[in-house]
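> Below are the sequence and a predicted model for it; my questions follow.
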Amino acid sequence: MPSPYSFVDPRLGKLDGFQVEIDEARERADIILNRPPYNIVSMPQRDQLRLVFETLDEDARVRVIVVRSIGEHFSSGGNIGGFMEATPEHVSKLAWNIAAPARCAKPVIVANRGYCFGVGFELSLACDFRLVSETALYALPEQKLGQIPGSGGSARLQKMIGITRTKDIVMRSKRIPGKQAQEWGIATECVPDADLEKATDKLVDELRTFSPLAQRTAKKLLNDTEDSTLAIAIELEGHCYSRLRQSDDFKEGVEAFNSKRAPKFTGR
């Protein structure tokens, strides 16, 4: 059974609105939003989420990180009052904190159901795999407050789905159902609500079958070349391939393939 994770970083203190669990047998860490019914994200929580991702990234027990929530809604967004109280310096860090899943070297899965608005959507967009329930609704409603998304939402969306659809979502505060999100390329997979946990477990177990080193390399390469020219992307891909060619995991993968057995990767 998963057990509460004991953080050694004194900066964290008591976690605000979420909890972290480790399942060592499955090499899995769960970051669980736990402020029902809407799992509103506070300003201090954003800082803590960044620190948690950085801590889990260094934890040898963890291969895959899952972000999920308690209740029928992933998150209705941030604490609106907190924006008025925060200093400009603090507000300037919002996008950096919420981008923590993307900077994390390990694969990050998010499981979305119900409302996934504002910072809840932006946090999900920073993850590698978005599994959504048919009840999920994605939205960036900041226009209704006289604002724009401030934690990377419009920027990430435009890279994923283009300017036309991003304008439709951002400038109209439009809500996108889970099935449509998958069709548009925002969500990785859309499943019935009752199957969301099962789909998440399945993806965790699938990712664990691959080489940790190859997974980290693939994630960084794809992130780093998103804005590059094709020629640069191909050049960097070749360098990464060459480095992995020297790894123990690649040798094990080839030997396992030739022996018709499952590989036992070590991440070296």
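Structure received. Numbering: from 1, shown residues only.
> quick one: contacts for residue 59?
Listed by Cβ atoms under 8 Å, 6 or more residues apart in numbering, the contact set of residue 59 reads 22, 29. No exception for glycine: its C-beta is placed from N, CA and C like everyone else's.
> mind listing the helices in the stretch 101-250 of the chain by residue range?
In order along the chain, the stretch 101-250 of the chain carries the following helices (DSSP state H, counting those that start in this stretch): 119-125, 153-161, 163-170, 178-184, 196-207, 212-224, 230-245, 248-259.
> Determine which stretch of those is the most buried.
helix 119-125 (a mean of 29; mean count of other Cβ atoms under 10 Å).
> And the helices of the stretch 101-250 of the chain: which comes nearest residue 135?
helix 178-184 (7.0 Å; Cβ to Cβ).
> Mind putting the helices of the stretch 101-250 of the chain into TSV with distance to residue 31 and mean pLDDT?
What follows is those, written out as TSV (distance: least, Cβ to Cβ, whole Å; pLDDT from 0 to 100):
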stretch	distance to residue 31	mean pLDDT
helix 119-125	10	98
helix 153-161	19	96
helix 163-170	25	97
helix 178-184	21	98
helix 196-207	13	98
helix 212-224	17	96
helix 230-245	28	96
helix 248-259	27	94
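> Same list, those, but as TSV with distance to residue 45 please.
Formatted as TSV, these follow (distance: least, Cβ to Cβ, whole Å):
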stretch	distance to residue 45
helix 119-125	9
helix 153-161	17
helix 163-170	24
helix 178-184	24
helix 196-207	22
helix 212-224	24
helix 230-245	35
helix 248-259	36
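> nearest to residue 70, of those helices?
Of all the helices of the stretch 101-250 of the chain, helix 196-207 comes closest under Cβ to Cβ, at 12.1 Å.
> from the chain's centre, how far out does the closest one sit?
Helix 196-207 sits 14 Å away from the centroid of its parent chain (Cα atoms, centre = their mean, to the nearest Å).
> In CSV, list the C-alpha atoms belonging to it.
As requested, the backbone C-alpha atoms of helix 196-207 are provided in CSV (Å, rounded to 0.1, in the frame of the first residue of the first chain):
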residue,chain,number,x,y,z
LEU,A,196,-9.8,6.7,-15.0
GLU,A,197,-7.8,5.1,-12.2
LYS,A,198,-7.5,1.9,-14.0
ALA,A,199,-6.2,3.7,-17.1
THR,A,200,-3.7,5.6,-15.0
ASP,A,201,-2.4,2.4,-13.3
LYS,A,202,-2.0,0.8,-16.7
LEU,A,203,0.0,3.7,-18.1
VAL,A,204,2.2,3.8,-15.0
ASP,A,205,3.0,0.1,-15.4
GLU,A,206,3.7,0.5,-19.1
LEU,A,207,6.1,3.4,-18.6
